[in-house]
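Novice: Predicted model follows, preceded by the sequence.
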Amino acid sequence: MSRPDYAEKIPNNVGLAEDRRLQRALESWQPDFLSWWETMGPTLPTQDVYLRTAIDVRGAGWAQFGHVPMIDYRWGIFLADKNPDRRVAFGAHKGEPAWQKVPGEYRAELQRLIVIQGDTEPASVEQQRNLGATAPSLYDLRNLFQVNVEEGRHLWAMVYLLHAYFGREGREEAEELLHRNSGSADSPRILGAFNEETPDWLSFYMFTYFTDRDGKYQLGTLKESAFDPLSRTCEFMLKEEAHHMMVGTTGVDRVVERTAQVMVENDTDDVAALGVIPLNVIQKYLNFHYSVSLDLFGGETSTNVANYYTAGLKGRWLEERRKDDHQLTNDSIMVDALIEGEIAQNEVMALTGLNTDLRREYVADCSGGVKRWNRILEEAGLAQRLYLPHVAFNRKVGAFAGIEASPSGEKLTASEWEARKGQWLPTDTDKTFVRSLMQPVYERGKIAAWVAPPRNGINGQPFDYDYVHLA
Ligand SMILES: [Fe+2]
Ligand SMILES: [Fe+2]
């Protein structure tokens, strides 16, 4: 059951061949997906790419690597193995057997959660579609395409659930997932950060570090879901996400490393003219991507999320490792709040503060990245440091959406913000400068001057491997 069947049109380990209706429904969605990929997916023409394809859900052999034309990538449906004894770990249904079907009373909420998650997957492919034209190396180009095909597979994962468990409405939602487009004026993607463009590779690394990481935390909460097929799908998606996190983490590492090198060699901060990205510009990109990603966690308090938790639809990050009653009816949490117009904190019921709980886990994870980038600066002998801006900085969602604040958390008037925001967020000049560095390097073993080469290649291959054959 767990080994996907590659003889089938849609590789899967969900027994699709035994459900003719579902198989036909998905087979009729498949050409729409492929035409979406051709019109909204990567624009750089390629012959083939050295890609990882999921072939199993277990152990070290879960993926195979090989050169494949992207349009022939085997997008499939893979769920982590079923634990027949799995029980609901939290909320009002704690201790009951996990659900194999959607309970009627939670149908609308579950469908909504799946649609929102599903919408982000193709959105990022759309945001990144033009990056191939400016790839700093074949290694990076390959990683971009790997992330893209896997986000496409994550769309399949959500579409499978919609088709298999939500009837006609689910099929209509699956169609809509291909019709909304990132940045579109009349039918944009659902969440704000997924309508921002990813115009250059510094943005791409920051996006895969900060925004994909939000995805990791959202998947982590859905992996806890009482609805077992959703849980198993997310568990397997998280395995693929680990690579996306690696692309972001090491991508920013390599930019910082190269900048630090040039700063030391020339004994100056002013490295723009030397063809690398100045630290203050890196900081501005970090500020932007971190703050828009914080918005993805929603408001500090939410009764919807409290209800999702109590119903068993969405748990906490690493729910089973938490040492409490997993119902939280008597607990409280401190959340960020605007009190009499000032940045402060407020005690609320733990259930309504669950967005804050998840965001706190995320922030702690993000500070791990900053620490490692600062270690690179330290090892280069530089005194400068990167930092995460204050949670009130540049927010469009939540308690601080209505105010302006500096990265250190000092409240600003609208005119102070206008006067100073260019010090903290990428200006048009910064963006134009970063874009001017983005000249493609497609030669094997070569790399653009603004970024250091990676320490390791992919799947044990060297950096100068022929990761991509251009058309
Ligand atoms: Fe994804
Ligand atoms: Fe991802």
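Specialist: Received the coordinates, thanks. Numbers count the residues shown, from 1 in each chain. Ligands and ions are numbered 1, 2, ... in the order given.
Novice: show me what contacts the residue of the stretch 251-400 of the chain found nearest ligand 1?
Specialist: Here the stretch 251-400 of the chain gets closest to ligand 1 at one residue, Leu296, 13.1 Å apart by CB to the ion. C-beta here means a position set from N, CA and C on the backbone, and glycine is covered the same way. Contact analysis of Leu296 by CB atoms under 8 Å, 6 or more residues apart in numbering lists Leu191, Gly192, Ala193, Thr211, Asp214, Gln218.
Novice: Contacts for stretch 354-367, please.
Specialist: By CB under 8 Å, 6+ apart, stretch 354-367 touches 209-210, 213-214, 217, 221, 290, 293-294, 297-302, 305-306, 309, 316-318, 333, 335-336, 350, 388, 391.
Novice: interface residues of the stretch 101-250 of the chain facing ligand 1?
Specialist: Applying CB under 5 Å from the ion, we find that the stretch 101-250 of the chain lies next to ligand 1 at Glu121, Glu151, His154.
Novice: Reformat those residues as a markdown table; add pLDDT.
Specialist: Shown next, in a markdown table, are these (pLDDT from 0 to 100):
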| residue | pLDDT |
| --- | --- |
| Glu121 | 97 |
| Glu151 | 97 |
| His154 | 97 |
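Novice: Neighbours of Val57, how many?
Specialist: Neighbourhood size, Val57 [other CB atoms under 10 Å]: 18.
Novice: So for Gln30, what's the nearest residue that isn't a sequence neighbour?
Specialist: Ile10 (6.6 Å; CB to CB, 6 or more residues apart in numbering).
Novice: Tell me the spacing between the one you found and Glu176.
Specialist: Here Ile10 is placed at a distance of 20 Å from Glu176 (CB to CB, to the nearest Å).
Novice: likewise Arg189?
Specialist: When CB to CB is applied, the distance between Arg189 and Glu176 equals 11 Å.
Novice: Look at those two and report which has more neighbours.
Specialist: Arg189 (23 against 14).
Novice: Identify the residues contacting the more buried one.
Specialist: By CB under 8 Å, 6+ apart, the contact list for Arg189 reads Asp119, Thr120, Ala123, Glu126, Arg180, Asn181, Ser182, Gly183, Asn195.
Novice: Tally up the residues packed near Gln111, please.
Specialist: By the criterion of other CB under 10 Å, Gln111 has 19 neighbours.
Novice: Past the host helix or strand of it, which element shows up next along the chain?
Specialist: Here Gln111, judged by DSSP states H and E, is contained in helix 107-127. Sequence order places helix 138-165 as the next helix or strand after helix 107-127, per DSSP H and E.
Novice: does ligand 2 sit close to that next one?
Specialist: No: Helix 138-165 is not in contact with ligand 2 by CB under 5 Å from the ion; minimum separation 5.6 Å.
Novice: Residue numbers of this structure in contact with ligand 2?
Specialist: Proximity of the chain to ligand 2, by CB under 5 Å from the ion, involves residues Asp212, Glu241, His244.
Novice: What is the neighbour count of the residue lying closest to the second one once chain neighbours are set aside?
Specialist: With CB to CB, 6+ apart as the criterion, Glu241 has its nearest non-adjacent residue at 5.1 Å, and that residue is Lys216. Counted by other CB under 10 Å, the residues lying close to Lys216 total 17.
Novice: Show me what the host helix or strand of Lys216 packs onto, helices and strands only.
Specialist: Assessed by DSSP H and E, Lys216 sits inside helix 212-222. Using 3 or more CB pairs under 8 Å, 6 or more residues apart in numbering; DSSP states H and E, the elements in contact with helix 212-222 are helix 107-127, helix 228-266, helix 354-379.
Novice: returning to what we had before: okay, the residue nearest to Glu241: pLDDT?
Specialist: Note on Lys216: pLDDT of 97.
Novice: OK, contacts around it?
Specialist: With contacts defined as CB under 8 Å, 6+ apart, Lys216 is in contact with Leu238, Glu241, Met245.
Novice: any idea what sits nearest Ile116, other than its immediate chain neighbours?
Specialist: Once flanking residues are discounted, Ile116 sits nearest to Ile190: 5.7 Å by CB to CB, 6+ apart.
Novice: quick one: which helix or strand includes the one you found?
Specialist: With DSSP H and E as criterion, Ile190 is part of no helix or strand.
Novice: For it, give its distance to Thr268.
Specialist: The value you get for Ile190 to Thr268, if CB to CB is used, is 44 Å.
Novice: ok, the two, which is more surrounded?
Specialist: Ile190 (16 against 12).
Novice: Against Ser184, how distant is the more buried one?
Specialist: 12 Å.
Novice: circling back to that earlier point, so which of the residues of the chain next to ligand 2 is surrounded by the most neighbours?
Specialist: Of all the residues of the chain next to ligand 2, the most densely surrounded is His244 (24 neighbours; neighbours counted as other CB under 10 Å).
Novice: Now do the contacts for that residue.
Specialist: His244 makes contacts with Val147, Glu150, Thr208, Asp212, Gly215, as judged by CB under 8 Å, 6+ apart.
Novice: just the strands in the stretch 301-450 of the chain please.
Specialist: Along the stretch 301-450 of the chain, counting by DSSP state E, counting those that start in this stretch, strands occupy 332-339, 342-349, 404-405, 411-412.
Novice: Return stretch 139-148 as PDB; C-alpha atoms alone will do.
Specialist: Extracted C-alpha coordinates of stretch 139-148, given in PDB (Å, rounded to 0.1, in the frame of the first residue of the first chain):
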ATOM      1  CA  TYR A 139      23.100  24.200  -8.900                       C
ATOM      2  CA  ASP A 140      20.800  27.100  -7.900                       C
ATOM      3  CA  LEU A 141      18.700  26.700 -11.000                       C
ATOM      4  CA  ARG A 142      18.200  23.000 -10.200                       C
ATOM      5  CA  ASN A 143      17.200  23.800  -6.600                       C
ATOM      6  CA  LEU A 144      14.700  26.400  -7.800                       C
ATOM      7  CA  PHE A 145      13.100  23.900 -10.200                       C
ATOM      8  CA  GLN A 146      13.100  21.200  -7.400                       C
ATOM      9  CA  VAL A 147      11.200  23.600  -5.100                       C
ATOM     10  CA  ASN A 148       8.800  24.400  -8.000                       C
END
